[in-house]
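**Q** Here is my input; please provide its structure:
(4 chains)
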Protein chains: 4
Amino acid sequence: MATTKFSGVMPPVVVPDTDDRELDLVSFERSINRMIDAGVDGLFFLGSSGEVVFSTDKRRYEVIKEGIRIVDHRVPVFVGIIDTETDRVIEHGRVAQELGVDALVATAPFYALGGMCEVEEHFRILHEELDLPIFAYDIPVCVHTKLPWKLLAKLGAEGVLAGVKDSSGDDVSFRYLVQENEKLGHPLTLLTGHEIVVDGAYLGGADGSVPGLANVDPEGYVRQWKAAQAGDWAAVKAEQDKLNELSHIFDCTDGVQGYGAGVGAFKTALQLMGVFESNQMLRPVKALSGANVEAIRSVLVECGLL
Amino acid sequence: MATTKFSGVMPPVVVPDTDDRELDLVSFERSINRMIDAGVDGLFFLGSSGEVVFSTDKRRYEVIKEGIRIVDHRVPVFVGIIDTETDRVIEHGRVAQELGVDALVATAPFYALGGMCEVEEHFRILHEELDLPIFAYDIPVCVHTKLPWKLLAKLGAEGVLAGVKDSSGDDVSFRYLVQENEKLGHPLTLLTGHEIVVDGAYLGGADGSVPGLANVDPEGYVRQWKAAQAGDWAAVKAEQDKLNELSHIFDCTDGVQGYGAGVGAFKTALQLMGVFESNQMLRPVKALSGANVEAIRSVLVECGLL
Amino acid sequence: MATTKFSGVMPPVVVPDTDDRELDLVSFERSINRMIDAGVDGLFFLGSSGEVVFSTDKRRYEVIKEGIRIVDHRVPVFVGIIDTETDRVIEHGRVAQELGVDALVATAPFYALGGMCEVEEHFRILHEELDLPIFAYDIPVCVHTKLPWKLLAKLGAEGVLAGVKDSSGDDVSFRYLVQENEKLGHPLTLLTGHEIVVDGAYLGGADGSVPGLANVDPEGYVRQWKAAQAGDWAAVKAEQDKLNELSHIFDCTDGVQGYGAGVGAFKTALQLMGVFESNQMLRPVKALSGANVEAIRSVLVECGLL
Amino acid sequence: MATTKFSGVMPPVVVPDTDDRELDLVSFERSINRMIDAGVDGLFFLGSSGEVVFSTDKRRYEVIKEGIRIVDHRVPVFVGIIDTETDRVIEHGRVAQELGVDALVATAPFYALGGMCEVEEHFRILHEELDLPIFAYDIPVCVHTKLPWKLLAKLGAEGVLAGVKDSSGDDVSFRYLVQENEKLGHPLTLLTGHEIVVDGAYLGGADGSVPGLANVDPEGYVRQWKAAQAGDWAAVKAEQDKLNELSHIFDCTDGVQGYGAGVGAFKTALQLMGVFESNQMLRPVKALSGANVEAIRSVLVECGLL
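**A** So this is what the prediction gives:
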């Protein structure tokens, strides 16, 4: 497990909205500071759980600008430049790098059908036209393309990619990538996005994690990472067990699914804990309410967070 | 089969690029005029085959503005306002309606996972915030959500949707939708996007078609539509047979797939026929070349178009 | 549209069970005779809706033997020899041909992952080792492999396959297959299994249909086929509209899905109409009951079948 | 990590065929003894990689009978009773239990579409009608149904299921299942089938593994399991790294896929190592040959197994 500039716990930042769906700066600052104070190693803005695809360009700009201001160089800042195809992604990348972020995170192209030629060309163009380290975001559940580990390793060895954020759900592929990356001299920083199985990913050699749940309990993930660095695997596993209990905020609700259930649960938990003012969601998703809020409250109480 | 303002043959306009990937206005005008002269009933800009997801906002603006200028009210103009989630889609819709288009075409939300609640809410918000007829674009192969015919019929009956462009590949669902729409008094204009089976769709009651292949052979699709209106089904079928021979420009190539093979074939055919100057594609897709161009030429020769 | 030995309306026979899940011979005979009297052109036993994968080998034997006895050469008999891989399929084929059926229907291999090499080899071995015409059953929703139309056409031209029963849901592919088959001299008999869009399939050139719904209303599908042969396409479409109203027995129920909703609706409708004694299903599927039965009764009443 | 009668390393036994596709008893005995001598904790016959769906009932009978004879009570014997629907599965189960096996392994129903009601009913009926411990085999890549961890935990708590063999590829779901099972008092024995990430699964609490690759290198997996029991996680990870190098026999070949590439590689490796006489495959799959055999030989040489 190498420690690079980008290793460790890098939460994807959940964005607080006012009831009118404006960026709630007070809550945003409170939540960011809370994570940095807990010891996270970096922050990832405008990831899938950071409302990136729900945000207009104006909103994306605001999130990056305010995020950077609040972070104030305390930890590295990643920014998702997620859009359908290459030229649109580059535009987001240029905005982000002018604002002074540390690394960019891009998915495979989506919406239009294509093949691996287009995927490879896409990342090569991003590398050529942008001046920051590029992380590939492997998230087939959203983009419907799985990035093959052999392609990722090749692009790492050539310096096209600086790292991978793996949300593929394919632990076999990730395990192969880690092992191949090691053989190549560890050019890539490899981060797992699967917050429920970080213990196994660390044992297998991941360089860090991008757990959405760290918005709710950053200290748990920080303790877990320190235990992993110390080789205390029983502790790594025990921390995971506790975090997984907390993760039932995702499946204790009824009648909601996908983003509304996942990010909706984060926002609701953060509101209940006094970090966010509101659990409002961007359109067309509705905020959790009623019995669903109470179910999340129960999980938080059981986990000692309320 | 009702004739509404939007019925008949409405090709999705393929956009010509210069070798430098700038909008080629001369070719654009030539191709649009060629389709209008052939008798098409409308034109659909910024559809999936119109490079919409490859185009920056600036490019989208340019395509709409120039398209409207060239069409000059000779036929109705549809514009695709395709983006990931509601607020981004609305921004595209506002631009398009300010430019003076006749109808807007929007898909289900994509990238973020959700359910039918979000899909329904999405179309309701579009209807509330925009002032033009909204067509739902049912294209699960790109957005990974199939729009249920019962939902579409309901939104049609309530006036939320003005029509559907069906590229779902689900002819059973479309057949049910046509039949239900008839019972409801035909509130929706129902267009099939499946250029290979337009004959069956017309027999089943479709109000028109959106065939990409009509960029290459607009006259064939226009003759077919007139035959359908005249009830000459043998002719409708015979026209389809001929058009399907031409459609082998999609599958005569090697080593390319998806958008590059489909829209790439349209652009290459139009270049070979002297309509486009170049068969350039937007990034990261590469233009067809070499043996693939020759294979397309052979199909055009066999079909009497060269 | 050629008329071959196997063209026309060939319903997949729904099998009646007693409440104890034994083959109900009296109902079986009544239903078969009802379809033959209505004028169907053939019968397909042990298709997907004929409980084939729910039936033990003993039960399969009984269905074929009794089916043949009852049909008594009045129409051709197809039998599904559906199982996971080649040698198991051949065993079913040998039993069926010894019992004296007219044609065999086999899917692509399923369960084990493979590629098109294995699919092609599978059909070639079946052709070599069995002595009856082989129909390929294209049903990706069950076997998770789509049979490519180019492969089917090639196997038809070589005499490996005698026909195709298309339940692929891919009307574009079927349209191409019909057209290619015509060019090759019509070696394959091409039957659509999509009972809701038979009108379009006939217009496009299908040789017949395999509609499960013909168990409930055989006369409608027979009238439709005769209208198609007479070139009366308006009548073909009108018959389809009526049959589709009846098909809402599939989607008027609640809390059931897949086979239980589809074949369960057939059995329930046939029981309500006095053709079957019971609507029992083979395990683990449960018979429809309560409000679901009443919903089906309402559809039958609206359609004038009760 | 509890140790039950069924915990530890339980390889799915790859079956050797003669060139004429008869069971090769000499090789079978050699391979089984080799695994038992290496210290495996049980053997699983007629799993997906044990040719189960390619085998006629006669062949299945022979494999079980000879397998039991050779094992001769040295380790517990699991048998896969894999077939499409309940009554067919029960028939296989009765044969196996009469032959004297220790546990039965069944998948969700497949081919016919259904829902979770049918899946649950299926396992309940198997438990009622069969007299041996039932393991659920979660293998959505073959049966296209993912078994939900909440359902599995419930069926474990009620005594319907004795364990789970997880080949779902969903490590998050498996991690939740392990944790829930622990809370319920560990009624289920939970085995991972993902041979590449056994290290993470053991750390997360799996009771054992079912690695196909243990046919080739049983000693590696046995050492890994012992290390896990001793809490030596660095050794667990290091063994996995070595085994994963060996696993490149799966992806060093060209032009083959799925079962032919996976089980084909096992058979070829075992032939090259002198354990199997032939690398023949059951129809319609072809044995690996030529450059593919040489590629596998290279991997074995690099890993020190040749």
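**Q** Ignoring the adjacent residues along the chain, who's closest to whatever residue of the stretch 1-150 of chain A ends up closest to chain D?
**A** As assessed by C-beta to the nearest C-beta, chain D sits closest to residue A:150 within the stretch 1-150 of chain A, at 8.4 Å. In this view, the C-beta of every residue, glycine as well, is placed from N, C-alpha and C. Nearest residue to residue A:150 in three dimensions, chain neighbours excluded: residue A:180, at 7.5 Å (C-beta to C-beta, 6 or more residues apart in numbering or on different chains).
**Q** now what about the one helix or strand the one you found maps to, what contacts it?
**A** In this structure, residue A:180 sits in helix A:171-183 according to DSSP states H and E. When contacts are defined by C-beta atoms under 8 Å, 6 or more residues apart in numbering or on different chains, helix A:171-183 is touched by residues A:146, A:148-150, A:152-153, A:156, A:164, A:166, A:168, A:187-188, A:190, A:192, A:194, A:197, A:200-201, A:204-206, D:169, D:171, D:194, D:196-197, D:200, D:240-241, D:244.
**Q** same deal with stretch A:19-36?
**A** With contacts defined as C-beta under 8 Å, 6+ apart, stretch A:19-36 is touched by A:11, A:13-18, A:43, A:59, A:62-63, A:66-67, A:70-71, A:74-75, A:214-215, A:218, A:270, A:275-278, A:280, A:282-283.
**Q** right, is stretch A:121-133 up against chain B?
**A** Yes: interface with chain B: stretch A:121-133 contributes A:121-122, A:125 (C-beta under 8 Å from any C-beta of the partner chain).
**Q** got a list of contacts for that stretch?
**A** Applying C-beta under 8 Å, 6+ apart, the set of residues contacting stretch A:121-133 is A:6, A:85-86, A:89-90, A:93-94, A:96-97, A:101-104, A:106, A:108-109, A:134, A:136, A:155, A:159-163, B:283-284, B:286.
**Q** Walking through the stretch 201-306 of chain A, point out its strands one by one.
**A** Ranges of strands in the stretch 201-306 of chain A, per DSSP state E, counting those that start in this stretch, are A:208-209.
**Q** Identify the residue of it closest to chain C, quick one.
**A** Nearest residue of the stretch 201-306 of chain A to chain C (C-beta to the nearest C-beta) works out as residue A:255 at 16.0 Å.
**Q** Model confidence for the nearest residue to that residue once chain neighbours are set aside, exactly?
**A** In this structure, residue A:255 finds its nearest non-sequential neighbour in residue A:292, 7.7 Å apart by C-beta to C-beta, 6+ apart. pLDDT recorded at residue A:292 is 98.
**Q** Likewise for residue A:5?
**A** Reported pLDDT for residue A:5: 78.
**Q** related to what we said a few turns ago, contacting residues around the residue nearest to residue A:255?
**A** A:252-256, A:268.
**Q** In helices only, show me those residues.
**A** Members of the contacts of residue A:292 lying in helices (criterion: DSSP state H): residue A:268.
**Q** could you check the distance from whichever residue of chain A sits closest to chain D over to residue A:171?
**A** Of all residues in chain A, residue A:200 sits closest to chain D, at 2.3 Å by C-beta to the nearest C-beta. Counting by C-beta to C-beta, to the nearest Å, the gap from residue A:200 to residue A:171 is 7 Å.
**Q** So for the two, which residue has more residues nearby?
**A** Shown here are residue A:200 and residue A:171; by other C-beta atoms under 10 Å in any protein chain shown, residue A:200 has more neighbours (29 against 25).
**Q** Could you find the closest non-adjacent residue to that one?
**A** Among residues not flanking residue A:200 along the chain, residue D:200 sits closest, at 2.3 Å (C-beta to C-beta, 6+ apart).
**Q** isn't that neighbour right next to residue A:198, touching?
**A** No: using C-beta atoms under 8 Å, residue D:200 is not in contact with residue A:198, being 9.8 Å away.
**Q** Does the helix or strand containing residue A:89 reach chain B?
**A** According to DSSP H and E, residue A:89 maps onto helix A:86-99. Yes: using C-beta under 8 Å from any C-beta, helix A:86-99 comes into contact with chain B via A:86-88, A:91.
**Q** Among the residues you listed, pick out the one closest to residue B:298, please.
**A** Nearest to residue B:298 among these is residue A:86, at 31.5 Å by C-beta to C-beta.
**Q** Quick check, pLDDT for that closest one.
**A** Per-residue pLDDT puts residue A:86 at 98.
**Q** hmm, who's touching whichever strand or helix holds residue A:63?
**A** Using DSSP H and E, residue A:63 sits in helix A:57-71. Helix A:57-71 is contacted from outside by A:13, A:15, A:23, A:25, A:28-29, A:32-33, A:36, A:43, A:45-46, A:50-52, A:55, A:77, A:79, A:92, A:95-96, A:99-101, B:57, B:87, using C-beta under 8 Å, 6+ apart.
**Q** likewise stretch A:267-280?
**A** Residues outside stretch A:267-280 that contact it (C-beta under 8 Å, 6+ apart): A:14, A:16-21, A:24, A:26-27, A:30-31, A:34, A:215-216, A:249, A:264, A:281, A:287-288, A:292-293, A:296-297, A:299-300, A:305-306.
**Q** Could you turn the buried ones of these into a ChimeraX selection?
**A** Remark: buried members of the contacts of stretch A:267-280, expressed as a ChimeraX selection using 16 or more other C-beta atoms under 10 Å in any protein chain shown:
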select /A:14,16,17,24,27,30,31,34,215,216,249,264,281,287,288,292,293,296,297,299,300,305
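**Q** In helices, which of the contacts of stretch A:267-280 fall?
**A** A:26-27, A:30-31, A:34, A:264, A:292-293, A:296-297, A:299-300.
**Q** Quick check: of those, which lies closest to residue C:113?
**A** Checking the ones in helices among the contacts of stretch A:267-280 against residue C:113 by C-beta to C-beta gives residue A:264 as the nearest, at 36.5 Å.
**Q** Quick check: the gap between that closest one and residue C:85.
**A** 45 Å.
**Q** Check which residues of stretch A:69-78 are buried.
**A** For stretch A:69-78, a neighbour-count test (16+ other C-beta under 10 Å) marks A:70-71, A:75-78 as buried.
**Q** And stretch A:245-259, by the same measure?
**A** Within stretch A:245-259, the residues scored as buried using 16+ other C-beta under 10 Å are A:246-250, A:252-253, A:256, A:259.
**Q** of all these, which comes closest to chain B?
**A** Nearest to chain B among these, with distances taken as C-beta to the nearest C-beta, is residue A:259, at 4.3 Å.
**Q** so who does the closest one touch?
**A** A:48-49, A:285, B:112-114.
**Q** could you redo the last one with a cut-off of 10 Å?
**A** Each residue near residue A:259 by C-beta atoms under 10 Å, 6 or more residues apart in numbering or on different chains is listed here: A:48-49, A:51, A:53-54, A:142, A:281-282, A:285, B:85, B:109, B:111-115, B:118.
**Q** Tell me which residues touch residue A:96, please.
**A** Neighbours of residue A:96 in contact, by C-beta under 10 Å, 6+ apart: A:45-46, A:60-61, A:64-65, A:68, A:77-81, A:102-105, A:130, A:132.
**Q** Point out the ones among the contacts of helix A:171-183 that are inside helices.
**A** A:149-150, A:152-153, A:156, A:200-201, A:204, D:171, D:200, D:240-241, D:244.
**Q** Kindly write the PyMOL command that selects the buried subset of those.
**A** Paste this into PyMOL to select the buried members of the ones in helices among the contacts of helix A:171-183, with burial taken from 16+ other C-beta under 10 Å:
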select buried, (chain A and resi 149+152+153+156+200+201+204) or (chain D and resi 171+200+240+244)
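**Q** Burial check on the residue nearest to residue A:178 when sequence neighbours are not counted, number of neighbours?
**A** Leaving aside its chain neighbours, residue A:178 sits nearest to residue A:205 (4.1 Å; criterion: C-beta to C-beta, 6+ apart). A total of 21 residues lie near residue A:205 under the criterion other C-beta under 10 Å.
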